[in-house]
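Trainee: this is a predicted model, with the sequence first.
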Amino acid sequence: MQLDHDQLRQLITLLAESDIQELKLEGDDFRLELRRNLPASQPQVVMQASPAPSLLAAPLAAPSASPSAAPPAAAAVRGDLLEITAPMVGTFYRASAPGEPVFVELGSRISVGQPICILEAMKLMNELEAEVSGEVVEILVENGTPVEFGQVLMRVRPA
């Protein structure tokens, strides 16, 4: 399967005019992910392709890391805190299963790579790991609550 720039533009237009929030399309030598639900912006486009001339990224396309990557930590409203945001739409869980201890509490010290929560999307449990070391000072989402892409889950005071 091949996808040219005109077909890519048509897909983006159809996505913008529909209720579809996420579309994944894979061919022999490319993978295309289109996601909406971004705060006040255009649909996000991720396209990874081999260096075939017909599959070069269009102006809106950008190569990216795998979608299962941990959430980015971004500068918070308060300069001394970092925000941990949701890398996808899903349901936020503080523990690995009902009745199990939570991954982190307020005041917990976390380190890079430590599991901090789970986001369930389409019956898949995605364990999120900390990208920074520090102290959890705010947990902004209740257990079992749906979250949106980019929503702030926690704030951390870096160590």
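Mentor: Structure received.

Trainee: residues touching residue 103, list them.
Mentor: By Cβ atoms under 8 Å, 6 or more residues apart in numbering, the contact set of residue 103 is 94-96, 114-118. To be clear about C-beta, it is placed using only N, CA and C from the backbone, and glycine gets the same treatment.

Trainee: which of those lies closest to residue 19?
Mentor: residue 118 (26.7 Å; Cβ to Cβ).

Trainee: tell me which element that closest one is part of?
Mentor: According to DSSP states H and E, residue 118 maps onto strand 115-121.

Trainee: and that strand, which residues are buried?
Mentor: 116-119, 121 (16 or more other Cβ atoms under 10 Å).

Trainee: using CSV, lay out these together with distance to residue 35.
Mentor: Formatted as CSV, those follow (distance: Cβ to Cβ, whole Å):
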residue, distance to residue 35
116, 22
117, 20
118, 20
119, 14
121, 12
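
Trainee: out of these, which is nearest to residue 137?
Mentor: residue 116 (13.2 Å).

Trainee: measure that closest one to residue 146 for me?
Mentor: Applying Cβ to Cβ, to the nearest Å, the value for residue 116 to residue 146 is 18 Å.
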